[in-house]
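Asker: turn this into a model:
(4 chains)
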Protein chains: 2
Amino acid sequence: MSAKPPMREALVAAAFQLFLERGYEQTTVDDIVALAGVGRRSFFRYFPSKEDVVFPDHERCLADMTAFLSTGGEDDEPVERVCDAARLVLRMYAENPAFSVQRYRLTRKVPGLRAYELSVVWRYERALAEYLRGRFAGRRDGTLRADVIAAAVVAAHNNALRSWLRSDGKGDATAAVDHALGLVQATFAGGPTPPVDERPEDVVVVVSRRGAPLWRVVQEIETTLGRD
Amino acid sequence: MSAKPPMREALVAAAFQLFLERGYEQTTVDDIVALAGVGRRSFFRYFPSKEDVVFPDHERCLADMTAFLSTGGEDDEPVERVCDAARLVLRMYAENPAFSVQRYRLTRKVPGLRAYELSVVWRYERALAEYLRGRFAGRRDGTLRADVIAAAVVAAHNNALRSWLRSDGKGDATAAVDHALGLVQATFAGGPTPPVDERPEDVVVVVSRRGAPLWRVVQEIETTLGRD
DNA sequence: CGCCTGCGCTGCACTGAGTGCCATCAGACC
DNA sequence: GGTCTGATGGCACTCAGTGCAGCGCAGGCG
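Answerer: Have a look, this model is predicted:
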(Lines give C-alpha, C1' and ligand atoms only; values in the text may rest on other atoms or scores of the structure.)
Protein backbone atom coordinates (compact mmCIF):
# COMPACT_ATOMS: atom_id res chain seq x y z
CA MET A 1 0.00 0.00 0.00
CA SER A 2 2.56 2.58 1.07
CA ALA A 3 5.88 3.29 -0.54
CA LYS A 4 8.41 3.42 2.27
CA PRO A 5 7.83 0.50 4.55
CA PRO A 6 6.37 -2.45 2.72
CA MET A 7 8.91 -4.23 4.88
CA ARG A 8 6.81 -4.07 8.04
CA GLU A 9 3.67 -5.21 6.30
CA ALA A 10 5.52 -7.95 4.47
CA LEU A 11 6.90 -9.26 7.74
CA VAL A 12 3.48 -9.19 9.41
CA ALA A 13 1.90 -10.96 6.46
CA ALA A 14 4.59 -13.62 6.30
CA ALA A 15 4.47 -14.12 10.04
CA PHE A 16 0.71 -14.59 10.21
CA GLN A 17 0.71 -16.90 7.23
CA LEU A 18 3.19 -19.18 8.98
CA PHE A 19 1.59 -18.79 12.41
CA LEU A 20 -1.76 -19.87 11.02
CA GLU A 21 -0.52 -22.83 9.05
CA ARG A 22 1.94 -24.31 11.55
CA GLY A 23 1.48 -22.43 14.80
CA TYR A 24 3.33 -19.68 16.61
CA GLU A 25 5.90 -21.69 18.47
CA GLN A 26 6.60 -23.94 15.51
CA THR A 27 7.56 -20.89 13.48
CA THR A 28 11.02 -19.42 13.91
CA VAL A 29 12.04 -15.90 13.07
CA ASP A 30 14.27 -17.39 10.39
CA ASP A 31 11.21 -18.96 8.78
CA ILE A 32 9.47 -15.59 8.71
CA VAL A 33 12.33 -13.64 7.19
CA ALA A 34 12.94 -16.42 4.67
CA LEU A 35 9.32 -16.23 3.50
CA ALA A 36 9.40 -12.45 3.45
CA GLY A 37 12.69 -12.53 1.59
CA VAL A 38 14.52 -10.18 3.92
CA GLY A 39 17.42 -10.44 6.29
CA ARG A 40 16.94 -11.76 9.78
CA ARG A 41 18.43 -8.62 11.27
CA SER A 42 15.75 -6.51 9.66
CA PHE A 43 13.02 -8.35 11.52
CA PHE A 44 14.36 -7.20 14.85
CA ARG A 45 14.79 -3.72 13.46
CA TYR A 46 11.02 -3.46 13.01
CA PHE A 47 9.89 -5.63 15.90
CA PRO A 48 11.85 -5.72 19.13
CA SER A 49 10.67 -9.27 19.75
CA LYS A 50 8.93 -12.10 17.99
CA GLU A 51 5.78 -11.38 19.98
CA ASP A 52 5.58 -7.80 18.74
CA VAL A 53 4.79 -8.90 15.21
CA VAL A 54 1.47 -10.21 16.50
CA PHE A 55 0.46 -6.78 17.81
CA PRO A 56 1.76 -4.47 15.12
CA ASP A 57 -0.65 -1.60 15.75
CA HIS A 58 -0.95 -1.36 19.52
CA GLU A 59 1.94 1.03 19.85
CA ARG A 60 0.19 3.52 17.62
CA CYS A 61 -3.12 2.97 19.36
CA LEU A 62 -1.57 3.55 22.76
CA ALA A 63 -0.08 6.79 21.46
CA ASP A 64 -3.50 7.80 20.15
CA MET A 65 -5.03 7.10 23.54
CA THR A 66 -2.52 9.14 25.52
CA ALA A 67 -2.90 11.95 23.00
CA PHE A 68 -6.67 11.80 23.35
CA LEU A 69 -6.47 11.90 27.11
CA SER A 70 -3.95 14.71 27.28
CA THR A 71 -5.84 17.08 25.00
CA GLY A 72 -8.84 18.93 26.34
CA GLY A 73 -11.91 17.29 27.81
CA GLU A 74 -11.34 18.97 31.15
CA ASP A 75 -15.03 19.75 31.39
CA ASP A 76 -16.18 16.20 30.74
CA GLU A 77 -17.08 13.66 33.33
CA PRO A 78 -13.76 11.80 33.94
CA VAL A 79 -15.27 8.32 33.77
CA GLU A 80 -17.01 9.13 30.54
CA ARG A 81 -13.73 10.34 29.12
CA VAL A 82 -11.80 7.15 29.90
CA CYS A 83 -14.68 5.14 28.47
CA ASP A 84 -14.30 7.11 25.25
CA ALA A 85 -10.57 6.45 25.37
CA ALA A 86 -11.27 2.74 25.67
CA ARG A 87 -13.50 2.94 22.62
CA LEU A 88 -10.42 3.95 20.63
CA VAL A 89 -9.04 0.49 21.23
CA LEU A 90 -12.24 -1.13 20.10
CA ARG A 91 -12.16 0.94 16.93
CA MET A 92 -8.70 -0.38 16.14
CA TYR A 93 -9.90 -3.95 16.52
CA ALA A 94 -13.04 -3.26 14.50
CA GLU A 95 -11.06 -1.77 11.62
CA ASN A 96 -9.71 -5.21 10.73
CA PRO A 97 -12.19 -7.78 11.98
CA ALA A 98 -10.61 -10.71 10.14
CA PHE A 99 -7.14 -9.90 11.38
CA SER A 100 -8.39 -9.31 14.91
CA VAL A 101 -10.18 -12.64 15.01
CA GLN A 102 -7.13 -14.49 13.74
CA ARG A 103 -4.96 -12.82 16.34
CA TYR A 104 -7.49 -13.60 19.04
CA ARG A 105 -7.35 -17.29 18.20
CA LEU A 106 -3.57 -17.18 18.34
CA THR A 107 -3.38 -15.41 21.68
CA ARG A 108 -5.89 -17.83 23.16
CA LYS A 109 -3.78 -20.83 22.29
CA VAL A 110 -0.27 -19.57 22.97
CA PRO A 111 0.53 -18.74 26.61
CA GLY A 112 3.47 -16.58 25.65
CA LEU A 113 1.27 -14.39 23.50
CA ARG A 114 -1.35 -14.16 26.21
CA ALA A 115 1.30 -12.91 28.59
CA TYR A 116 2.46 -10.38 26.05
CA GLU A 117 -1.07 -9.18 25.47
CA LEU A 118 -1.44 -8.69 29.19
CA SER A 119 1.48 -6.30 29.21
CA VAL A 120 -0.10 -4.40 26.33
CA VAL A 121 -3.43 -4.18 28.11
CA TRP A 122 -1.62 -3.11 31.24
CA ARG A 123 -0.18 -0.10 29.45
CA TYR A 124 -3.64 0.96 28.34
CA GLU A 125 -4.91 0.55 31.86
CA ARG A 126 -2.03 2.58 33.23
CA ALA A 127 -2.78 5.36 30.77
CA LEU A 128 -6.41 5.46 31.90
CA ALA A 129 -5.45 5.26 35.57
CA GLU A 130 -2.89 8.05 35.26
CA TYR A 131 -5.47 10.26 33.63
CA LEU A 132 -8.01 9.55 36.35
CA ARG A 133 -5.39 10.12 39.04
CA GLY A 134 -4.90 13.55 37.60
CA ARG A 135 -8.60 14.26 37.55
CA PHE A 136 -9.08 12.89 41.06
CA ALA A 137 -6.01 14.61 42.49
CA GLY A 138 -6.66 15.80 46.02
CA ARG A 139 -9.83 13.81 46.45
CA ARG A 140 -10.10 11.26 49.17
CA ASP A 141 -8.85 7.86 47.91
CA GLY A 142 -8.17 9.53 44.58
CA THR A 143 -5.53 7.10 43.34
CA LEU A 144 -7.45 4.13 44.63
CA ARG A 145 -10.58 5.20 42.82
CA ALA A 146 -8.57 5.92 39.71
CA ASP A 147 -6.99 2.47 39.70
CA VAL A 148 -10.26 0.68 40.38
CA ILE A 149 -12.19 2.56 37.74
CA ALA A 150 -9.47 2.09 35.15
CA ALA A 151 -9.44 -1.63 35.86
CA ALA A 152 -13.22 -1.80 35.63
CA VAL A 153 -13.28 0.06 32.33
CA VAL A 154 -10.63 -2.21 30.84
CA ALA A 155 -12.37 -5.33 32.13
CA ALA A 156 -15.72 -4.25 30.72
CA HIS A 157 -14.19 -3.31 27.40
CA ASN A 158 -12.32 -6.59 27.15
CA ASN A 159 -15.36 -8.60 28.13
CA ALA A 160 -17.36 -7.15 25.27
CA LEU A 161 -14.45 -7.21 22.86
CA ARG A 162 -13.67 -10.85 23.52
CA SER A 163 -17.26 -11.92 23.21
CA TRP A 164 -17.33 -10.17 19.84
CA LEU A 165 -14.07 -11.82 18.78
CA ARG A 166 -15.34 -15.21 19.89
CA SER A 167 -18.31 -14.78 17.54
CA ASP A 168 -15.87 -14.31 14.62
CA GLY A 169 -16.61 -10.59 14.49
CA LYS A 170 -20.19 -11.19 13.44
CA GLY A 171 -22.22 -9.12 15.91
CA ASP A 172 -22.17 -5.42 16.68
CA ALA A 173 -18.99 -4.77 18.61
CA THR A 174 -19.74 -1.12 19.25
CA ALA A 175 -23.11 -1.85 20.79
CA ALA A 176 -21.65 -4.56 23.00
CA VAL A 177 -18.88 -2.30 24.25
CA ASP A 178 -21.29 0.58 24.75
CA HIS A 179 -23.48 -1.62 26.89
CA ALA A 180 -20.56 -2.90 28.96
CA LEU A 181 -19.10 0.55 29.46
CA GLY A 182 -22.56 1.87 30.27
CA LEU A 183 -22.72 -0.46 33.22
CA VAL A 184 -19.36 0.75 34.45
CA GLN A 185 -20.37 4.34 33.94
CA ALA A 186 -23.61 3.87 35.84
CA THR A 187 -21.59 2.36 38.66
CA PHE A 188 -18.84 4.94 38.91
CA ALA A 189 -19.77 8.14 37.12
CA GLY A 190 -20.16 11.12 39.35
CA GLY A 191 -17.54 9.77 41.65
CA PRO A 192 -16.50 12.01 44.50
CA THR A 193 -19.13 14.60 45.28
CA PRO A 194 -18.42 18.19 44.26
CA PRO A 195 -18.85 21.01 46.80
CA VAL A 196 -22.45 21.63 47.86
CA ASP A 197 -22.86 24.99 46.20
CA GLU A 198 -21.76 23.62 42.82
CA ARG A 199 -24.26 20.78 42.79
CA PRO A 200 -27.04 21.14 40.27
CA GLU A 201 -30.50 20.78 41.79
CA ASP A 202 -31.60 18.05 39.48
CA VAL A 203 -32.29 15.55 42.22
CA VAL A 204 -34.28 15.63 45.38
CA VAL A 205 -33.86 12.72 47.74
CA VAL A 206 -35.44 11.71 50.98
CA VAL A 207 -33.95 8.66 52.67
CA SER A 208 -34.95 6.85 55.78
CA ARG A 209 -32.42 4.23 56.78
CA ARG A 210 -32.53 1.69 59.56
CA GLY A 211 -28.94 0.53 59.93
CA ALA A 212 -28.48 -0.55 56.34
CA PRO A 213 -25.11 -0.46 54.60
CA LEU A 214 -24.66 1.88 51.70
CA TRP A 215 -24.88 -0.84 49.09
CA ARG A 216 -28.31 -1.85 50.32
CA VAL A 217 -29.46 1.72 49.93
CA VAL A 218 -28.03 1.96 46.44
CA GLN A 219 -29.59 -1.35 45.55
CA GLU A 220 -32.96 -0.10 46.68
CA ILE A 221 -32.56 3.08 44.70
CA GLU A 222 -31.78 1.11 41.58
CA THR A 223 -34.81 -1.06 42.06
CA THR A 224 -37.00 1.93 42.77
CA LEU A 225 -35.88 3.55 39.57
CA GLY A 226 -36.39 0.33 37.65
CA ARG A 227 -32.81 0.09 36.45
CA ASP A 228 -30.42 -2.81 36.61
CA MET B 1 16.72 -25.70 57.55
CA SER B 2 14.68 -28.48 55.98
CA ALA B 3 15.85 -31.95 54.99
CA LYS B 4 14.47 -32.65 51.53
CA PRO B 5 14.56 -29.57 49.38
CA PRO B 6 17.19 -27.12 50.54
CA MET B 7 17.81 -26.94 46.81
CA ARG B 8 14.87 -24.69 46.03
CA GLU B 9 15.59 -22.33 48.86
CA ALA B 10 19.29 -22.29 48.06
CA LEU B 11 18.53 -21.32 44.49
CA VAL B 12 16.13 -18.57 45.55
CA ALA B 13 18.65 -17.22 48.05
CA ALA B 14 21.51 -17.27 45.57
CA ALA B 15 19.37 -15.70 42.89
CA PHE B 16 18.19 -12.82 45.05
CA GLN B 17 21.68 -12.18 46.36
CA LEU B 18 22.94 -11.75 42.82
CA PHE B 19 19.86 -9.89 41.60
CA LEU B 20 20.26 -7.35 44.38
CA GLU B 21 23.97 -6.79 43.97
CA ARG B 22 24.21 -6.66 40.21
CA GLY B 23 20.67 -6.60 38.85
CA TYR B 24 18.34 -9.13 37.30
CA GLU B 25 19.38 -8.88 33.68
CA GLN B 26 23.07 -8.78 34.56
CA THR B 27 22.72 -12.11 36.32
CA THR B 28 22.73 -15.29 34.24
CA VAL B 29 21.32 -18.60 35.30
CA ASP B 30 24.87 -19.92 35.24
CA ASP B 31 25.85 -17.31 37.82
CA ILE B 32 23.03 -18.45 40.08
CA VAL B 33 23.77 -22.15 39.91
CA ALA B 34 27.48 -21.47 40.37
CA LEU B 35 26.80 -19.54 43.58
CA ALA B 36 24.35 -22.15 44.78
CA GLY B 37 26.85 -24.88 43.92
CA VAL B 38 24.43 -26.95 41.88
CA GLY B 39 24.12 -27.98 38.27
CA ARG B 40 22.54 -25.69 35.73
CA ARG B 41 20.02 -28.33 34.76
CA SER B 42 18.70 -28.49 38.29
CA PHE B 43 17.68 -24.85 38.19
CA PHE B 44 15.22 -25.51 35.42
CA ARG B 45 13.94 -28.56 37.25
CA TYR B 46 12.72 -26.34 40.07
CA PHE B 47 11.86 -23.22 38.08
CA PRO B 48 10.53 -23.48 34.56
CA SER B 49 12.05 -20.10 33.73
CA LYS B 50 14.44 -17.57 35.16
CA GLU B 51 11.52 -15.32 36.06
CA ASP B 52 9.88 -17.99 38.20
CA VAL B 53 12.61 -17.84 40.79
CA VAL B 54 11.44 -14.33 41.63
CA PHE B 55 7.92 -15.55 42.48
CA PRO B 56 8.60 -18.81 44.26
CA ASP B 57 5.38 -18.93 46.28
CA HIS B 58 2.68 -17.68 43.96
CA GLU B 59 1.89 -21.10 42.63
CA ARG B 60 1.04 -22.33 46.08
CA CYS B 61 -0.93 -19.18 46.84
CA LEU B 62 -2.96 -19.53 43.69
CA ALA B 63 -3.77 -23.10 44.65
CA ASP B 64 -4.83 -21.88 48.09
CA MET B 65 -7.11 -19.32 46.52
CA THR B 66 -8.84 -21.72 44.17
CA ALA B 67 -9.24 -24.17 47.04
CA PHE B 68 -10.73 -21.42 49.20
CA LEU B 69 -13.16 -20.41 46.50
CA SER B 70 -14.24 -23.93 45.67
CA THR B 71 -15.05 -24.99 49.23
CA GLY B 72 -18.23 -23.78 50.82
CA GLY B 73 -19.22 -20.16 51.28
CA GLU B 74 -22.30 -20.58 49.14
CA ASP B 75 -24.32 -18.53 51.59
CA ASP B 76 -21.91 -15.60 51.67
CA GLU B 77 -22.20 -12.47 49.63
CA PRO B 78 -20.15 -13.27 46.49
CA VAL B 79 -18.24 -9.98 46.47
CA GLU B 80 -17.33 -10.41 50.10
CA ARG B 81 -16.04 -13.86 49.32
CA VAL B 82 -13.72 -12.78 46.52
CA CYS B 83 -12.47 -9.96 48.73
CA ASP B 84 -11.57 -12.55 51.34
CA ALA B 85 -9.85 -14.58 48.64
CA ALA B 86 -7.81 -11.53 47.68
CA ARG B 87 -6.76 -11.15 51.30
CA LEU B 88 -5.06 -14.53 51.00
CA VAL B 89 -2.61 -12.94 48.58
CA LEU B 90 -1.96 -10.09 50.93
CA ARG B 91 -1.26 -12.53 53.72
CA MET B 92 1.39 -14.21 51.62
CA TYR B 93 3.10 -10.89 51.01
CA ALA B 94 2.81 -9.90 54.64
CA GLU B 95 4.40 -13.13 55.81
CA ASN B 96 7.77 -12.03 54.46
CA PRO B 97 7.79 -8.24 54.36
CA ALA B 98 11.51 -7.92 53.68
CA PHE B 99 11.43 -10.40 50.84
CA SER B 100 8.28 -8.83 49.40
CA VAL B 101 9.80 -5.36 49.42
CA GLN B 102 12.96 -6.57 47.71
CA ARG B 103 10.94 -8.32 45.06
CA TYR B 104 8.78 -5.26 44.58
CA ARG B 105 11.84 -3.12 43.88
CA LEU B 106 13.04 -5.70 41.37
CA THR B 107 9.76 -5.96 39.52
CA ARG B 108 9.48 -2.20 39.34
CA LYS B 109 12.81 -1.83 37.61
CA VAL B 110 12.81 -4.82 35.28
CA PRO B 111 10.19 -4.77 32.50
CA GLY B 112 10.45 -8.49 31.97
CA LEU B 113 9.58 -9.18 35.59
CA ARG B 114 6.72 -6.71 35.49
CA ALA B 115 5.31 -8.59 32.52
CA TYR B 116 5.69 -11.87 34.34
CA GLU B 117 3.98 -10.48 37.42
CA LEU B 118 1.10 -9.38 35.22
CA SER B 119 0.55 -12.95 34.09
CA VAL B 120 0.56 -14.07 37.72
CA VAL B 121 -1.94 -11.41 38.71
CA TRP B 122 -4.02 -12.33 35.71
CA ARG B 123 -4.37 -15.88 36.99
CA TYR B 124 -5.61 -14.61 40.35
CA GLU B 125 -8.07 -12.36 38.58
CA ARG B 126 -9.29 -15.22 36.42
CA ALA B 127 -9.83 -17.36 39.51
CA LEU B 128 -11.94 -14.64 41.09
CA ALA B 129 -13.83 -13.96 37.88
CA GLU B 130 -14.58 -17.64 37.33
CA TYR B 131 -15.93 -17.91 40.83
CA LEU B 132 -18.14 -14.87 40.36
CA ARG B 133 -19.33 -16.13 37.00
CA GLY B 134 -20.52 -19.22 38.78
CA ARG B 135 -22.30 -17.22 41.43
CA PHE B 136 -23.83 -14.86 38.88
CA ALA B 137 -24.83 -17.59 36.45
CA GLY B 138 -28.13 -16.81 34.82
CA ARG B 139 -28.22 -13.20 35.94
CA ARG B 140 -28.35 -10.45 33.40
CA ASP B 141 -24.80 -9.45 32.38
CA GLY B 142 -23.52 -12.10 34.77
CA THR B 143 -20.15 -12.66 33.16
CA LEU B 144 -19.67 -8.96 32.55
CA ARG B 145 -20.33 -8.13 36.17
CA ALA B 146 -18.09 -10.98 37.25
CA ASP B 147 -15.20 -9.74 35.14
CA VAL B 148 -15.61 -6.13 36.20
CA ILE B 149 -15.86 -6.94 39.89
CA ALA B 150 -12.89 -9.28 39.75
CA ALA B 151 -10.83 -6.59 38.05
CA ALA B 152 -11.93 -4.01 40.60
CA VAL B 153 -11.06 -6.27 43.53
CA VAL B 154 -7.62 -7.01 42.11
CA ALA B 155 -6.99 -3.34 41.36
CA ALA B 156 -8.00 -2.26 44.84
CA HIS B 157 -5.93 -4.97 46.44
CA ASN B 158 -2.89 -4.12 44.37
CA ASN B 159 -3.28 -0.42 45.01
CA ALA B 160 -3.13 -0.96 48.75
CA LEU B 161 -0.48 -3.64 48.51
CA ARG B 162 1.82 -1.52 46.39
CA SER B 163 1.45 1.51 48.59
CA TRP B 164 2.43 -0.69 51.52
CA LEU B 165 5.40 -2.12 49.62
CA ARG B 166 6.47 1.37 48.60
CA SER B 167 6.67 2.31 52.25
CA ASP B 168 9.11 -0.58 52.85
CA GLY B 169 6.44 -2.61 54.61
CA LYS B 170 6.25 -0.14 57.46
CA GLY B 171 2.51 0.62 57.73
CA ASP B 172 -0.45 -1.63 58.35
CA ALA B 173 -0.98 -3.59 55.18
CA THR B 174 -4.13 -5.32 56.39
CA ALA B 175 -5.86 -2.08 57.27
CA ALA B 176 -4.95 -0.53 53.93
CA VAL B 177 -6.27 -3.50 51.99
CA ASP B 178 -9.40 -3.65 54.11
CA HIS B 179 -10.09 -0.03 53.35
CA ALA B 180 -9.50 -0.47 49.64
CA LEU B 181 -11.63 -3.59 49.43
CA GLY B 182 -14.27 -1.87 51.53
CA LEU B 183 -14.67 0.72 48.85
CA VAL B 184 -15.08 -1.96 46.22
CA GLN B 185 -17.52 -3.83 48.38
CA ALA B 186 -19.59 -0.68 48.99
CA THR B 187 -19.67 -0.16 45.26
CA PHE B 188 -20.57 -3.65 44.14
CA ALA B 189 -21.90 -5.73 47.01
CA GLY B 190 -25.50 -6.75 46.65
CA GLY B 191 -25.02 -6.83 42.93
CA PRO B 192 -28.04 -7.97 40.97
CA THR B 193 -31.18 -7.38 42.97
CA PRO B 194 -32.84 -10.45 44.47
CA PRO B 195 -36.57 -11.00 43.96
CA VAL B 196 -38.79 -8.51 45.76
CA ASP B 197 -40.18 -10.92 48.31
CA GLU B 198 -36.68 -11.91 49.46
CA ARG B 199 -35.47 -8.39 50.09
CA PRO B 200 -34.99 -7.47 53.71
CA GLU B 201 -36.87 -4.36 54.72
CA ASP B 202 -33.87 -2.57 56.08
CA VAL B 203 -34.18 0.41 53.79
CA VAL B 204 -36.96 2.77 52.93
CA VAL B 205 -36.37 5.14 50.09
CA VAL B 206 -38.36 7.96 48.60
CA VAL B 207 -36.91 9.49 45.47
CA SER B 208 -38.09 12.39 43.41
CA ARG B 209 -36.11 12.77 40.24
CA ARG B 210 -36.29 15.40 37.59
CA GLY B 211 -34.51 13.91 34.61
CA ALA B 212 -31.32 13.10 36.46
CA PRO B 213 -29.11 10.18 35.46
CA LEU B 214 -28.65 7.36 37.92
CA TRP B 215 -25.20 8.45 38.97
CA ARG B 216 -26.50 11.82 40.05
CA VAL B 217 -29.06 10.14 42.22
CA VAL B 218 -26.48 7.85 43.78
CA GLN B 219 -24.21 10.82 44.33
CA GLU B 220 -26.93 12.65 46.14
CA ILE B 221 -27.70 9.63 48.28
CA GLU B 222 -24.08 9.35 49.29
CA THR B 223 -23.98 13.00 50.22
CA THR B 224 -27.23 12.74 52.13
CA LEU B 225 -25.86 9.85 54.12
CA GLY B 226 -22.62 11.69 54.69
CA ARG B 227 -20.49 9.03 53.11
CA ASP B 228 -17.84 9.33 50.48
C1' DC C 1 26.07 -59.10 51.13
C1' DG C 2 25.42 -58.08 46.41
C1' DC C 3 22.29 -56.74 43.00
C1' DC C 4 18.66 -54.19 40.98
C1' DT C 5 15.74 -50.34 40.40
C1' DG C 6 14.03 -45.90 40.66
C1' DC C 7 14.97 -41.16 41.50
C1' DG C 8 17.40 -36.95 41.77
C1' DC C 9 21.37 -34.61 40.11
C1' DT C 10 24.82 -33.46 36.59
C1' DG C 11 27.04 -32.50 32.12
C1' DC C 12 26.59 -31.95 27.32
C1' DA C 13 24.94 -30.71 23.10
C1' DC C 14 21.48 -28.34 20.66
C1' DT C 15 17.76 -24.89 19.23
C1' DG C 16 16.24 -20.36 18.89
C1' DA C 17 15.62 -15.43 20.47
C1' DG C 18 17.87 -11.27 20.69
C1' DT C 19 22.18 -8.01 20.16
C1' DG C 20 26.39 -5.58 18.52
C1' DC C 21 29.24 -4.66 14.82
C1' DC C 22 30.55 -3.84 10.35
C1' DA C 23 30.07 -4.15 5.28
C1' DT C 24 27.09 -2.93 1.59
C1' DC C 25 24.06 -0.52 -1.29
C1' DA C 26 20.58 2.85 -2.69
C1' DG C 27 19.20 7.35 -3.21
C1' DA C 28 19.69 12.35 -1.93
C1' DC C 29 22.52 16.19 -2.25
C1' DC C 30 26.50 19.02 -3.75
C1' DG D 1 31.25 12.17 -10.42
C1' DG D 2 31.83 12.27 -5.46
C1' DT D 3 29.95 11.98 -0.97
C1' DC D 4 26.96 11.49 2.75
C1' DT D 5 23.21 9.19 5.00
C1' DG D 6 20.04 5.79 6.13
C1' DA D 7 18.25 1.35 5.41
C1' DT D 8 19.60 -3.34 4.86
C1' DG D 9 22.19 -7.78 5.17
C1' DG D 10 25.48 -10.89 7.15
C1' DC D 11 28.10 -12.63 10.98
C1' DA D 12 29.35 -13.85 15.40
C1' DC D 13 28.08 -13.90 20.01
C1' DT D 14 25.31 -14.42 24.55
C1' DC D 15 21.97 -16.60 26.98
C1' DA D 16 17.46 -18.93 28.08
C1' DG D 17 15.48 -23.24 27.75
C1' DT D 18 15.26 -28.46 26.34
C1' DG D 19 16.31 -33.38 25.41
C1' DC D 20 19.25 -36.96 26.44
C1' DA D 21 22.41 -39.86 28.57
C1' DG D 22 25.13 -40.98 32.42
C1' DC D 23 26.02 -41.15 37.42
C1' DG D 24 25.45 -41.66 42.33
C1' DC D 25 22.64 -43.00 46.03
C1' DA D 26 18.95 -44.56 48.40
C1' DG D 27 15.90 -48.60 49.46
C1' DG D 28 13.91 -53.29 48.28
C1' DC D 29 14.92 -58.08 47.34
C1' DG D 30 17.06 -62.41 46.66
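
Asker: which parts of chain A are helices?
Answerer: Assignment of helices within chain A using DSSP state H yields the ranges A:6-22, A:29-36, A:40-46, A:58-70, A:78-95, A:97-109, A:111-135, A:142-166, A:173-188, A:214-225.

Asker: residue ranges with poor pLDDT in chain A?
Answerer: A:1-5, A:190-228 (pLDDT under 70).

Asker: hmm, 50 instead?
Answerer: A:1-3, A:193-198, A:227-228 (pLDDT under 50).

Asker: walk me through the domains of it.
Answerer: A:1-53, A:55-191 (automatic domain parsing).

Asker: out of these, flag the one nearest B:Ala152.
Answerer: domain A:55-191 (4.9 Å; CB to CB). C-beta here means a position set from N, CA and C on the backbone, and glycine is covered the same way.

Asker: quick one, what contacts the residue nearest to A:Ile149 when sequence neighbours are not counted?
Answerer: Excluding the flanking residues, the one nearest A:Ile149 by CB to CB, 6 or more residues apart in numbering or on different chains is A:Phe188, at 5.1 Å. Residues near A:Phe188 by CB atoms under 8 Å, 6 or more residues apart in numbering or on different chains: A:Val79, A:Arg145, A:Ile149, A:Ala152, B:Thr187, B:Trp215.

Asker: out of those residues, who's nearest DNA strand D?
Answerer: Set against DNA strand D, the nearest of those by CB to the nearest atom of the strand is A:Ala152 (32.5 Å).

Asker: you'd agree that closest one is up against A:Ala186?
Answerer: No. If you go by CB atoms under 8 Å, A:Ala152 and A:Ala186 don't touch, sitting 11.3 Å apart.

Asker: compare neighbour counts for these two and give me the winner.
Answerer: A:Ala152 (30 against 17; other CB atoms under 10 Å in any protein chain shown).

Asker: tell me the spacing between that one and A:Ser167.
Answerer: 23 Å (CB to CB, to the nearest Å).

Asker: now A:Ser100
Answerer: The spacing between A:Ser100 and A:Ser167, counted by CB to CB, is 12 Å.

Asker: with neighbour numbers in mind, choose between those two.
Answerer: A:Ser100 (18 against 12).

Asker: and the more buried one, what does it touch?
Answerer: A:Tyr93, A:Ala94, A:Leu165, A:Gly169.

Asker: with distance to A:Leu181 added, can I get these in JSON lines?
Answerer: Formatted as JSON lines, the contacts of A:Ser100 follow (distance: CB to CB, whole Å):
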{"residue": "A:Tyr93", "distance to A:Leu181": "15"}
{"residue": "A:Ala94", "distance to A:Leu181": "15"}
{"residue": "A:Leu165", "distance to A:Leu181": "17"}
{"residue": "A:Gly169", "distance to A:Leu181": "19"}
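
Asker: would you turn those into TSV with neighbour count and distance to B:Ala14?
Answerer: Listed next are the contacts of A:Ser100 as TSV, based on neighbours: other CB atoms under 10 Å in any protein chain shown; distance: CB to CB, whole Å:
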residue	neighbour count	distance to B:Ala14
A:Tyr93	21	45
A:Ala94	17	50
A:Leu165	21	44
A:Gly169	17	50
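
Asker: which one among these gets closest to chain B?
Answerer: Chain B lies nearest to A:Leu165 out of the contacts of A:Ser100, by CB to the nearest CB, at 14.5 Å.

Asker: for that closest one, which non-adjacent residue is closest in space?
Answerer: In space, A:Leu165 is closest to A:Tyr104, 4.1 Å off (CB to CB, 6+ apart).

Asker: what does chain A have sitting close to DNA strand D?
Answerer: A:Pro5, A:Met7, A:Gly37, A:Val38, A:Gly39, A:Arg40, A:Arg41, A:Ser42, A:Arg45 (CB under 7 Å from any atom of the strand).

Asker: which of these are buried, as a ChimeraX select command?
Answerer: Burial among those is assessed by 16 or more other CB atoms under 10 Å in any protein chain shown; the matching ChimeraX selection reads:
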select /A:38
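
Asker: could you dump the residues of chain A next to DNA strand D to a markdown table with distance to chain B?
Answerer: Converted to a markdown table, the residues of chain A next to DNA strand D look like this (distance: CB to the nearest CB, whole Å):
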| residue | distance to chain B |
| --- | --- |
| A:Pro5 | 26 |
| A:Met7 | 26 |
| A:Gly37 | 32 |
| A:Val38 | 27 |
| A:Gly39 | 26 |
| A:Arg40 | 22 |
| A:Arg41 | 22 |
| A:Ser42 | 24 |
| A:Arg45 | 20 |
